[in-house]
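1. My questions are about this predicted structure, shown below with the sequence.
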Amino acid sequence: MFNPEIETLPHAKLRALQNERLRNVLERVYENVPFYRRMFDEQGLKPHHIKGVDDLEELPFTRKQHLREGYPFGLFAVPQSEIVRLHASSGTTGKPTIVGYTRHDLGVFAEVVARSMAAAGARPGMIFHNAYGYGLFTGGLGLHYGGERLGVTVVPVSGGMTERQVTLIRDLKPQVIACTPSYAQTLAEALTEAGVAPEETSLKYAILGAEPWTEAIRRDVEAGLGVKATNIYGLSEIIGPGVSNEDVHEQDGAYIWEDHFYPEIVHPETGERLPEGEAGVLVLTTLTKEALPLIRYWTGDITTLTREVGPSGRTHARMGMIRGRSDDMLIIRGVNLYPTQIEEILADFPEVALHYQLALSRPHTLDELELRLELTQEAFHHLGCDLTREESAQVVREVCRRVQGRIKDTVGITARVTLLAPGTAPRSAGGKLRRIVDERSLS
């Protein structure tokens, strides 16, 4: 552990620390952020009415639209002169979300990332290949300074230029790598094409995040890179990566660093708190942020929460893998679907690789779903070399039928399944991979 005293803090002491920090942050936002002052006044509340985290339910949620409405600095709680760094979201659905950091915030950022990296297996003196993008995206710089705080040797590769990534992995021999799960798959393929077998790389640990992924992807990455992979979670509005991370020896839920971020799980529609273990929207309250403190921030990420002490002895709450985003959920003829459900299904079919795309269309009056997925190299070779054209066509039809049947039985959706040749499905070039394409406007 990077900070064992805090990471194993008894629940009662952890709760007392959270309550004290929450009271302080509520006083600060009421004093310095007009948005939160209005929110309290509209509820007929003052900060002192909220005694601790158990009372947070009395307050409404903060949503991304509120940050956009306050663009660029409307929700900041400190003067601009105290801001030492700015980051931003991608802004793909509107204006970007601007987030700021004081020197204290950057110290917290480095601390929680260092904890996360230590939980993932990184140790001082190791070489760390950082393939998260640098720039306005928080991933690259977040992992960079957290790595330096931990004491690893940071290689600031950033994303993209896969051939160069392979060269640096072969030459510098890093033990730790961080990137998106989809780009880890891309790197695994590139290393294989370069003649480097998984057991021949120096890599031991992979810290993967920034997009939802599944146990099937974990197994694929671990086999392809010869690593133990853990999930790192974060979002720029809260701080960036390092809100939580799995323990490499457990791989059973990511520890949320609760001395800095208080988590709740709420119902996606009613907003009511859900019992431990039930899936819902993750809501986070920052307890120590100075520049952009957020109260009950609606992340939109669907997950579960447990506060059972983990095998490592850490007492902080653990969150499950992100199943998807409440605002990215597909609704096909009244049935809800997350891409992660497709990944779990495909893991049972050895003929297909975990490279796929979901395409929505509306050829008539109803939405239709097409699953485009790749055959593995072995299956493709078998079709082309060992079978006649008619036999190959029959095998393809049978694979499509079986995948389609499993989707229907598991999710309740009829999807058209199209098999692609190896290497033809979209790949990550270093950032987040777009799994869903909406072709309804083109139909």
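-> Sure thing, it's come through. Fair warning: this is a prediction, and the values are worked out from it, not measured in the lab.

2. Could you double-check that Val403 sits in contact with Phe349?
-> Yes: when contacts are counted by C-beta atoms under 8 Å, Val403 is listed as touching Phe349 (6.1 Å). C-beta coordinates here come from the backbone N, C-alpha and C atoms, glycine included.

3. Of these two, which one has the most company?
-> Legend: neighbour count by other C-beta atoms under 10 Å for Val403 and Phe349, higher for Val403 (22 against 16).

4. And the pLDDT at the closest residue to the more buried one other than its chain neighbours?
-> Of all residues not flanking Val403 in the chain, Val417 sits nearest, at 5.0 Å (C-beta to C-beta, 6 or more residues apart in numbering). For Val417, the pLDDT comes out at 93.

5. And for Val417, the neighbour number?
-> Close neighbours of Val417, defined as other C-beta under 10 Å, add up to 22.

6. what's the answer for Val283, then?
-> Neighbour tally, Val283, other C-beta under 10 Å: 23.

7. i'd like the first residue to be 24 from this point on
-> Yep, numbering from 24; the last one is Val306 now.

8. Assumed it was part of a strand.
-> Yes: Val306 forms part of a strand when assessed by DSSP: H, G, I helix; E, B strand; the rest coil.

9. Other residues contacting stretch 91-106?
-> Applying C-beta atoms under 8 Å, 6 or more residues apart in numbering, the external contacts of stretch 91-106 come out as 51-52, 55-58, 89-90, 117-121, 123-125, 313-317.

10. what does the average pLDDT come to for it?
-> Rounded mean pLDDT across stretch 91-106 is 96.

11. Kindly report the same for stretch 443-459.
-> Computed over stretch 443-459, the mean pLDDT rounds to 84.

12. domains for this protein, by residue range?
-> 24-349, 353-465 (automatic domain parsing).

13. what's the most buried one of those?
-> domain 24-349 (a mean of 19; mean count of other C-beta atoms under 10 Å).

14. that older thread, roughly how far apart are the residue nearest to Val426 and Gly454?
-> As judged by C-beta to C-beta, to the nearest Å, Val440 and Gly454 stand 27 Å apart.

15. Pro95 now?
-> 23 Å.

16. if we can go back for a sec, just checking, which of the contacts of stretch 91-106 belong to strands?
-> Among the contacts of stretch 91-106, the subset assigned to strands under DSSP state E consists of 121, 123-124.

17. Show me which of the residues you listed is closest to Ala35.
-> Ala35 lies nearest to Tyr124 out of the ones in strands among the contacts of stretch 91-106, by C-beta to C-beta, at 31.3 Å.

18. beta partners of that closest one?
-> Going by DSSP bridges, Tyr124 is paired in beta bridges with Arg108.

19. how about it, what does it touch?
-> Tyr124 makes contact with 106-110, 132, 314, according to C-beta under 8 Å, 6+ apart.

20. Could you do Pro70 as well?
-> 46, 49-50, 53, 63.

21. picking up where we left off before, lowest-confidence stretch among the domains of the chain?
-> Mean pLDDT is lowest for domain 353-465 out of these, coming in at a mean of 85.

22. could you pull out the helices for the stretch 324-466 of the chain?
-> In the stretch 324-466 of the chain, the segments counted as helices under DSSP state H, counting those that start in this stretch are 362-369, 400-408, 412-434.
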